[in-house]
Structure formats: structure tokens, C-alpha cells
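Asker: the sequence and its predicted three-dimensional model are supplied below.
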Amino acid sequence: MSKPALSEAEGTARFASRGPGETRRLGARLGRLLRPGDTVLLSGDLGAGKTVFVQGIARGMGFQGSVSSKSFVLMGEYQGREFKLYHADLYRLEAPEQAEELAMEEYCEDGALVAEWPERAPHVFAPDSLRVRFEVTGERTRGLILEAGGERAR
């Protein structure tokens, strides 16, 4: 995994991953830093590595079980060492209003929220969130761009 190209002033970091293992390890590094109330928003094409990254986040938080795509279930819950990880996948939302019914802001009170496809309902997320954009750069390689949306996310 590459060292990040970091711009502190802008709150943006870029990483290059050479495969799923590196993507998972980067997620685990982030998972160890998360605290209750944190929100991480994941964007990118299907198959870009978002769920692999969530698997790493869960491992970093101390969850030992299986983490899978939530494409058919909108919300998954995983118990970490200290608090829960809530994993939302908004891909199948038919209307942005459906995200309001999930009451995701309430989940953040006792855990961290990671949401895939946040562009389907951008109005439901707090501005102080970490956005991670996944770019497919090759068959196994990915670019990850992390953008802090506020002081805590930075």
C-alpha cells in the first residue's frame, strides 16, 4: 500500500491499493481510529472495493465475524470491541426519502456508521463525515481518495 499523498490544508489524502488485502488493511487502520458518532461515506462503482474496505474497518474495530455486501439488506450491525459498527448500503433505495426511515443519525449515537452509495440520499448525513471515493485503476488495483468533511473527520 502506498503512503498517502496528503494535503493537510484541504483534508484530503490519496492512497493506492494493489489488491483487496491492501484495501482491507487500510480499512482496518481506519477502523482502529473510529469512535461512536463517526460517519464514513463510501462512493465508487460496483466492484470497486467498498465492501472489502468495510471488512477491514470491522476487523480494525475488533469484529471477528463475516462482513458481506448489504445490497439486499439496507443495514448490517457488527459488535466491535468497544462499540458497534453500522453498515448501510443505499444502492437499492428507490427514493432518497427511504433513507430517512432508516434513522441513521440515531445509529451514530452508540456506534460508527459506514454507508455505501451515500449519493442516493446525501441529505441524511452529517456534514462532519469522512468521504472515501474508490477509483478502479486496474484489474486488482484501486485508488482511494479520503476527504474530511469536518474537524473530527480530519
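Answerer: Okay, I see it. Model, not experiment: these values are computed from the prediction.
Asker: what is the least confident helix or strand in this protein?
Answerer: strand 5-7 (a mean of 46; mean pLDDT, DSSP states H and E).
Asker: hang on, residue 77 in a strand?
Answerer: Yes: counting by DSSP: H, G, I helix; E, B strand; the rest coil, residue 77 is found in a strand.
Asker: residues near it, how many?
Answerer: If you count neighbours by other Cβ atoms under 10 Å, residue 77 ends up with 10. All C-beta spots, glycine's among them, are computed from the backbone N, C-alpha and C.
Asker: gap between it and residue 83?
Answerer: Residue 77 is 11 Å from residue 83, where distance means Cβ to Cβ, to the nearest Å.
Asker: so what sits against both of the two?
Answerer: With contacts defined as Cβ atoms under 8 Å, 6 or more residues apart in numbering, the residues shared by residue 77 and residue 83 are residue 111.
Asker: so who does residue 83 touch?
Answerer: Counted by Cβ under 8 Å, 6+ apart, residue 83 has contacts 35, 36, 61, 110, 111, 112.
Asker: oops, could you answer that again for residue 34 instead?
Answerer: By Cβ under 8 Å, 6+ apart, the residues touching residue 34 are 40, 57, 60, 61, 85, 112.
Asker: what pLDDT is listed against it?
Answerer: pLDDT, residue 34: 96.
Asker: make 18 the starting number, not 1.
Answerer: Sounds good: first residue 18 from here, last item residue 51.
Asker: ok, back up a step: give me the subset of the contacts of residue 51 that lies in strands.
Answerer: 57, 102, 129 (DSSP state E).
Asker: would you confirm that residue 84 contacts residue 71?
Answerer: Yes: assessed by Cβ atoms under 8 Å, residue 84 is found in contact with residue 71 at 5.8 Å.
Asker: who's more crowded, these two?
Answerer: A direct count of neighbours by other Cβ under 10 Å for residue 84 and residue 71 places residue 71 higher, at 27 against 20.
Asker: all set, thanks.
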